[in-house]
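> sequence and computational prediction follow.
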Amino acid sequence: MAASPQGTAASSLPAVGSSEPTATAIPVDPVVEDEETTDAEIESIHTSSTASLSESITEYRRIHGRTYTQKTDYWGPNDERQNEGLDIAHYWETLLLGDKLFLAPLGNGPSNVLDVGTGTGIWAIDFADEYPSAEVIGVDISPIQPGWVPPNCKFQIDDIEESWTWSTDHFDFIHIKHLEGSVADWPKLYNQSYVHMKAGGYIEVKEIDVELCSQVLVDLDDDHVYKRWGKVMLEAMDRLGKTGTQSRNHGIARGLEAAGFVDVVEQQWAAPVGAWPRDPTLKEVGACHLQYLDQSLEGFGTFLLKEMMGWEYAEIVVFMSEMRKAIRDLKLQSYIKLHVVYAKKPEKAVEGEE
């Protein structure tokens, strides 16, 4: 397994290696670091950062006012509020990666692309626009994608955990993103990706660790809300039968290697939450990331905490309030770990491989 100790040379943004914790600290806005900065001044940073952001989809279950797909073992809502959050996440993540939709070395561009867990379809649409000669398919269990899309982009409503019906050796790029806690059998997903990929094709997986971190506190106490959030969310995902730890301990890289992929490259990026970094680009990433989390927390937690953990709704509201207070505290210098792993299907099949 080849792990990249630092970010791509083409990007000036601070990617960090696979080691824990993050090796490179993000420079902080002096106003945030100043002990004399008041709460009002911190709030003004929130307000100005949010104001500068540009404005950038059947049957459903309904739980405490949020709609969910009828597929009972998927925890995320599919209503307008959550979908808007997905588009915001796409924006800050692309910005963090140096305005790149992917990091895999695709050369002149692929001809057949699969976007697994496409959500609102925004990544697939952007990729189709950037590569008009490619045929892009986005797959999701919810029909929340727009009807007006590039001619080389289409969407399918399907469950990627079932057996795939596409031709073998078909795709030359498979993109998987943000499926932590949504997949029961990751080895099967990787194996199917391998079987349906052309020799020489690439797979890229992007996943976020469920637990938030603080650049100031570093080693958080077990009773800190970030620790409690990570612990209860992982337990709820386990009860649902979906692992939430694929991104930890090189799980993605090891899984891709086990499926037969080679030339595995793993990178870890620190994605700030809030406009606390000094760097203007990272400040915008942080502002967008905070907006995304601020409006998506209930969507992440309501189903899992209520249906899997048996919490009362009032308990959930209090917990979300505590989380929201923490992510808005710029002095915590909060961030999450974004893992990007890509790998290649060998040009020639291994001897004895079917």
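Done, it's in.
> and the strands in this structure, which stretches?
For the chain, the strands defined by DSSP state E cover 2-3, 15-16, 60-63, 66-69, 112-116, 135-140, 153-157, 171-177, 197-208, 213-214, 262-272, 334-344.
> save these as CSV, and put in mean pLDDT and mean neighbour count too.
For every residue, glycine as well, the C-beta is placed using N, CA and C. Below are the strands of the chain laid out as CSV (pLDDT from 0 to 100; neighbours: other CB atoms under 10 Å):
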stretch, mean pLDDT, mean neighbour count
strand 2-3, 44, 13
strand 15-16, 42, 22
strand 60-63, 39, 13
strand 66-69, 42, 20
strand 112-116, 97, 23
strand 135-140, 94, 22
strand 153-157, 91, 18
strand 171-177, 97, 24
strand 197-208, 97, 21
strand 213-214, 96, 20
strand 262-272, 97, 22
strand 334-344, 98, 24
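> now the ones you listed in a markdown table, with distance to M237?
Below are the strands of the chain laid out as a markdown table (distance: least, CB to CB, whole Å):
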| stretch | distance to M237 |
| --- | --- |
| strand 2-3 | 25 |
| strand 15-16 | 25 |
| strand 60-63 | 17 |
| strand 66-69 | 15 |
| strand 112-116 | 18 |
| strand 135-140 | 19 |
| strand 153-157 | 23 |
| strand 171-177 | 17 |
| strand 197-208 | 13 |
| strand 213-214 | 19 |
| strand 262-272 | 20 |
| strand 334-344 | 16 |
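> which one of these lies closest to T245?
When the strands of the chain are compared by CB to CB, strand 197-208 sits nearest T245, at 9.8 Å.
> give me the sheet partners of the closest one and which way each runs.
Applying DSSP bridges, strand 197-208 is found paired with strand 171-177 (parallel), strand 334-344 (antiparallel).
> out of those strands, which gets nearest to M233?
strand 334-344 (12.6 Å).
> pLDDT below threshold where in the chain?
Residue ranges of the chain with pLDDT under 70: 1-23, 36, 40-82, 144-145, 349-354.
> report the distance from the longest helix along the chain to the chain centre.
When the chain is scanned for its longest helix (criterion: DSSP state H), the result is helix 280-303. Relative to its chain's centre, helix 280-303 lies at 12 Å (CA atoms, centre = their mean, to the nearest Å).
> what packs against it?
When contacts are defined as 3 or more CB pairs under 8 Å, 6 or more residues apart in numbering; DSSP states H and E, helix 280-303 sits against helix 39-51, strand 66-69, helix 80-96, strand 262-272, helix 313-328.
> send me that helix as CSV with only the CA atoms.
C-alpha atoms of helix 280-303 as CSV (Å, rounded to 0.1, in the frame of the first residue of the first chain):
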residue,chain,number,x,y,z
PRO,A,280,-8.6,33.1,2.6
THR,A,281,-9.4,29.9,0.8
LEU,A,282,-9.4,27.8,4.0
LYS,A,283,-11.5,30.5,5.7
GLU,A,284,-14.1,30.1,2.9
VAL,A,285,-13.9,26.3,3.2
GLY,A,286,-14.5,26.6,7.0
ALA,A,287,-17.4,29.0,6.6
CYS,A,288,-19.1,26.7,4.1
HIS,A,289,-18.3,23.7,6.2
LEU,A,290,-19.9,25.3,9.2
GLN,A,291,-23.0,26.2,7.2
TYR,A,292,-23.2,22.6,6.0
LEU,A,293,-23.0,21.1,9.5
ASP,A,294,-25.2,23.8,11.1
GLN,A,295,-28.1,22.9,8.8
SER,A,296,-27.4,19.2,8.6
LEU,A,297,-26.8,18.0,12.2
GLU,A,298,-30.4,17.0,12.8
GLY,A,299,-30.4,15.1,9.5
PHE,A,300,-27.3,13.2,10.5
GLY,A,301,-28.5,12.3,14.0
THR,A,302,-32.3,12.2,14.3
PHE,A,303,-33.0,8.8,12.7
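> buried residues, that helix. List them.
282-294, 296-303 (16 or more other CB atoms under 10 Å).
> the strands paired with strand 197-208: which one's closest to E257?
Nearest of these (CB to CB): strand 334-344, 7.5 Å.
> can you give me the offset of the closest one from its chain's centre?
Distance of strand 334-344 from the chain centroid (CA atoms, centre = their mean) equals 8 Å.
> same deal with stretch 317-330?
In terms of CA atoms, centre = their mean, the centre of stretch 317-330 is set 20 Å apart from its chain centre.
> contact partners of that stretch?
In this structure, residues lying in contact with stretch 317-330 by CB atoms under 8 Å, 6 or more residues apart in numbering are 32, 42, 45-46, 212, 225-226, 228-229, 273-276, 290, 293-294, 297-298, 301, 305, 311, 332, 334.
> residues of it that come out buried?
Counting neighbours by 16+ other CB under 10 Å, the buried set in stretch 317-330 is F319, M320, M323, R324, A326, I327, R328, D329, L330.
> out of the residues you listed, the closest to E204 would be?
Checking the buried residues of stretch 317-330 against E204 by CB to CB gives I327 as the nearest, at 27.5 Å.
> can you list contacts of stretch 210-229?
Stretch 210-229 is contacted from outside by 21-22, 25-26, 28, 180-181, 230, 233-234, 237, 244, 270, 273, 319, 322-323, 326-327, 331-337, using CB under 8 Å, 6+ apart.
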